[in-house]
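Student: I'd like to go over a predicted model; first the sequence, then the structure.
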Amino acid sequence: MDETALIADAKKGDVQAYNRLVIHYQELAYNVARRIVGSPQAAEDITQESFIAAYQALNRFRGGSFKSWLLRIVTNRCYDELRRHKRRPQSSIDELTEDNESAPFMRSSGETPEQHQQRVELAEAIERCLQALPDDQRTAAVLCDVEGYDYNEIAGILSVSLGTVKSRISRARGKLRDCLQKVQELLPMQYRLST
């Protein structure tokens, strides 16, 4: 995929070129949004809104990493959603009734029912601990430890200094470690802290 050519064509109004960019980045954008806001429905909305906003602002894109620019839009939309949700918290009937399946990357076919249940409980515990982090720390941790971005890329995506990124990730990891130690019986032996 020639991203530079697609962006140039999209800036000229070629919707098909922009759609190819959307198809290429939609899973990444959704995964980042899902981990930050914690709700699949909200992540879908944020992803869609982010691509619309990116298309409308495409003429302001001045080059560099399109992925970083797009993820900055996604994380800003996530922050907006988190602020809105804090002002007006609400629960969805769907969220209350749907079974919380573990993420596809955590599924395995050769396990016993007990192992499956332990893995599901661990995934739920990790998600709870992740959602308990302050928004800025959770975002930095998701971008680094889930999506695999390096510190410089995260600083660009979040428009903060490198030191701020390092601080947020360090604090997030410490809080996650402390939170997960409360359910250390679910953790594999190599991740349990000895007392």
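Tutor: Okay, I see it. Predicted model only: the values in this text are computed from it and were never measured.

Student: any stretches of this protein with poor pLDDT?
Tutor: For the chain, applying pLDDT under 70 flags the ranges 88-109, 190-191, 194-195.

Student: okay, domains of it per the record?
Tutor: 1-98, 105-195 (automatic domain parsing).

Student: now find how far off-centre the shortest one is within its chain.
Tutor: Distance of domain 105-195 from the chain centroid (C-alpha atoms, centre = their mean, to the nearest Å) equals 11 Å.

Student: can you give me the helices for this protein?
Tutor: 3-11, 15-37, 40-56, 66-87, 93-97, 113-132, 135-141, 151-158, 162-180 (DSSP state H).

Student: what helices or strands is the second one leaning on?
Tutor: Helices and strands touching helix 15-37, as assessed by 3 or more C-beta pairs under 8 Å, 6 or more residues apart in numbering; DSSP states H and E, comprise helix 3-11, helix 40-56, helix 66-87, helix 135-141. Any C-beta I mention is one placed from the backbone N, CA and C, and that applies to glycine too.

Student: pick the most buried one from the ones you listed.
Tutor: Comparing those on average neighbours per residue, with mean count of other C-beta atoms under 10 Å, the densest one is helix 135-141 at a mean of 23.

Student: what's it packed up against?
Tutor: By 3+ C-beta pairs under 8 Å, 6+ apart, helix 135-141 packs against helix 15-37, helix 66-87, helix 113-132, helix 151-158, helix 162-180.

Student: from residue 50, how far out is the residue most central in space within the chain?
Tutor: By C-alpha atoms, centre = their mean, the chain has its centre lying nearest to residue 32, at 2.2 Å. Distance, residue 32 to residue 50, by C-beta to C-beta, to the nearest Å: 10 Å.

Student: now the helices and strands packed on helix 135-141 in TSV, with distance to residue 58?
Tutor: Conversion of these to TSV gives the following (distance: least, C-beta to C-beta, whole Å):
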stretch	distance to residue 58
helix 15-37	7
helix 66-87	10
helix 113-132	32
helix 151-158	18
helix 162-180	26
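
Student: to residue 7, which of the ones you listed lies closest?
Tutor: Of all the helices and strands packed on helix 135-141, helix 66-87 sits nearest to residue 7, with 6.1 Å by C-beta to C-beta.

Student: what's that closest one in contact with?
Tutor: Residues from elsewhere that reach helix 66-87 (C-beta atoms under 8 Å, 6 or more residues apart in numbering): 3, 7, 21, 25, 28-29, 32-33, 36-37, 42, 45-47, 49-50, 53-54, 57, 61, 135, 139, 143, 153, 156-159.

Student: for stretch 29-48, same thing?
Tutor: Contacts for stretch 29-48 (C-beta under 8 Å, 6+ apart): 26, 50-51, 70-71, 74-75, 77-78, 81-82, 85, 92, 94-95, 127, 130-131, 135, 138-139, 142-143, 146-147.
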